[in-house]
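Undergrad: pasting the sequence and the predicted coordinates here, then a few questions.
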Amino acid sequence: MRIESLPRITASHLVKSIDLNHHGTLFAGRMAEWLVETGFMTARAALGCQPENIVCARLHGMDFRKSVGSGDTLVLEGRVAYVGSSSLTVYVEAGPFGVSTVLPYTDGLVTFVHIVGTRAVPHGLVVETPIEGEALELWNRVLAERHFQQRAAQ
């Protein structure tokens, strides 16, 4: 199966005053919540499993490129970037509703693990390693992140 054929999930959020930080812009914690939420829905759609069989293992690489204020609507899109034997990493990007931009306002990677009870188990999803385009770029970004994590742990 090609990774590009896996489902993409889109979610929208209206930024309200309760979502703002002390500078009057979107609180990073709220954006992280929305990234993980969209990533979770994407992982669940790709694996076709129940919510209790997925757990978030890591939010990594979340970058902000533009401030977001009250009244703005963000559209988040999640797509699978990498598939391991029991894990899967989702790329999520967030941008303005109704406006096309070259770069998303915010993006990041979220890794989920397929579990039964409290143990990681293979999910059975098998994809081909991408050979070109955005799918290959995201796949390699995840591999670079994983390599960095392993080096930092040593």
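TA: In hand now; what should we look at?
Undergrad: gap between residue 123 and residue 86?
TA: Counting by CB to CB, to the nearest Å, the gap between residue 123 and residue 86 amounts to 6 Å. In this view, the C-beta of every residue, glycine as well, is placed from N, C-alpha and C.
Undergrad: pull the residues that contact the one helix or strand in the chain whose mean pLDDT sits lowest.
TA: Taking mean pLDDT, DSSP states H and E as the measure, the helix or strand of the chain with the lowest value is helix 133-153, at a mean of 90. The set of residues external to helix 133-153 that reach it, using CB atoms under 8 Å, 6 or more residues apart in numbering, is 2-4, 60-61, 79, 81-82, 89, 91, 109, 129-130.
Undergrad: try 7 Å
TA: With CB atoms under 7 Å, 6 or more residues apart in numbering as the test, helix 133-153 has contacts from 3-4, 60-61, 81-82, 89, 91, 109, 129-130.
Undergrad: rewinding a little: residue 123 and residue 86: who's more crowded?
TA: residue 123 (23 against 17; other CB atoms under 10 Å).
Undergrad: quick one, which of the contacts of helix 133-153 are buried?
TA: When burial is judged by neighbour count using 16 or more other CB atoms under 10 Å, the buried members of those are 3, 60-61, 81-82, 89, 91, 109, 130.
Undergrad: which pair of those residues spans the longest distance?
TA: Using CB to CB, these reach their maximum pairwise distance at 60 and 130, which is 19.5 Å.
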